[in-house]
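Asker: just need the structure, nothing else, for what follows:
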Amino acid sequence: MFDKYINFLNELKQLYARMDQRYDEIADTYGFQCSGCADNCCLTRFFHHTLVEFLFLRKGFADLDEHVRGEVSHQASDVNEKILQVESGGQVPRVMCPLNRKGLCILYEYRPMICRLHGIPHEFLHPVRDKIIGSGCHEFEAQCGQKKYLAFNRTPFYREMARLEQCVRGVAGINEKFKKTVAQMLVEDLGKIL
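Answerer: Residues are numbered from 1 along each chain as shown. As a prediction, this is how the structure comes out:
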């Protein structure tokens, strides 16, 4: 199923490596270390908007041991249900990502872009609006909040991701918006998407 997208997935892997390198450079310059704080970002409900990242994550998921895949699928279903319950009560969901095992992501190499870039202050040159500046996470603020801002421009990464996404969507023949959490991506029927 992934064969017709393999070149795009390889390009995404290279893009991720560049993201990781730049993130590490900036984090090191700040002296910031993500060490698994109480406000763990794996508890945050992030939405992911790209089909190419969905495919990459699912490729990594497919490579897991069958028993582990079954456990993760079951947990992902539980997470999705818990999120709906919390939302129906009018609260913001804080449910652990189903890929988190003992504080570590079991698909770390395949984690989506926001999981890679979250935490440190950044900027993005929006094609229509002005520059958008985002703050660091709570742990960043505690460790490095008093330090001078270092420019971490996500724009080149976003542009490359958009190009890859457009290519994958062209091959898949898909125009619909994509907006899913990791838990939703893990239980999604690939056949319905592709």
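
Asker: can you pull out the helices in the chain?
Answerer: Per DSSP state H, the chain carries helices over the ranges 6-30, 51-62, 66-88, 113-117, 138-144, 155-172, 182-187, 190-193.

Asker: tabulate these (JSON lines), appending mean neighbour count.
Answerer: Every residue, glycine included, has its C-beta placed from N, CA and C. Shown next, in JSON lines, are the helices of the chain (neighbours: other C-beta atoms under 10 Å):
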{"stretch": "helix 6-30", "mean neighbour count": "15"}
{"stretch": "helix 51-62", "mean neighbour count": "21"}
{"stretch": "helix 66-88", "mean neighbour count": "14"}
{"stretch": "helix 113-117", "mean neighbour count": "18"}
{"stretch": "helix 138-144", "mean neighbour count": "17"}
{"stretch": "helix 155-172", "mean neighbour count": "16"}
{"stretch": "helix 182-187", "mean neighbour count": "22"}
{"stretch": "helix 190-193", "mean neighbour count": "10"}
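
Asker: who wins for proximity to H126 among the ones you listed?
Answerer: Proximity to H126, assessed across these by C-beta to C-beta, is greatest for helix 155-172 (8.6 Å).

Asker: counting contacts, what elements does the closest one pack onto?
Answerer: For helix 155-172, the packing partners by 3 or more C-beta pairs under 8 Å, 6 or more residues apart in numbering; DSSP states H and E come out as helix 6-30, helix 51-62, helix 113-117, strand 122-125.

Asker: and for the first one, what are the contacting residues?
Answerer: Outside of helix 6-30, the residues within contact range by C-beta atoms under 8 Å, 6 or more residues apart in numbering are 2, 33-34, 52-53, 55-56, 59, 113, 116-117, 119-120, 140, 143-144, 147, 150, 152, 157, 160-161, 164, 167-168, 171.

Asker: what inclination does it have with respect to helix 155-172?
Answerer: 160 degrees (axes from the mean of the first three to the mean of the last three C-alpha atoms, to 10 degrees).
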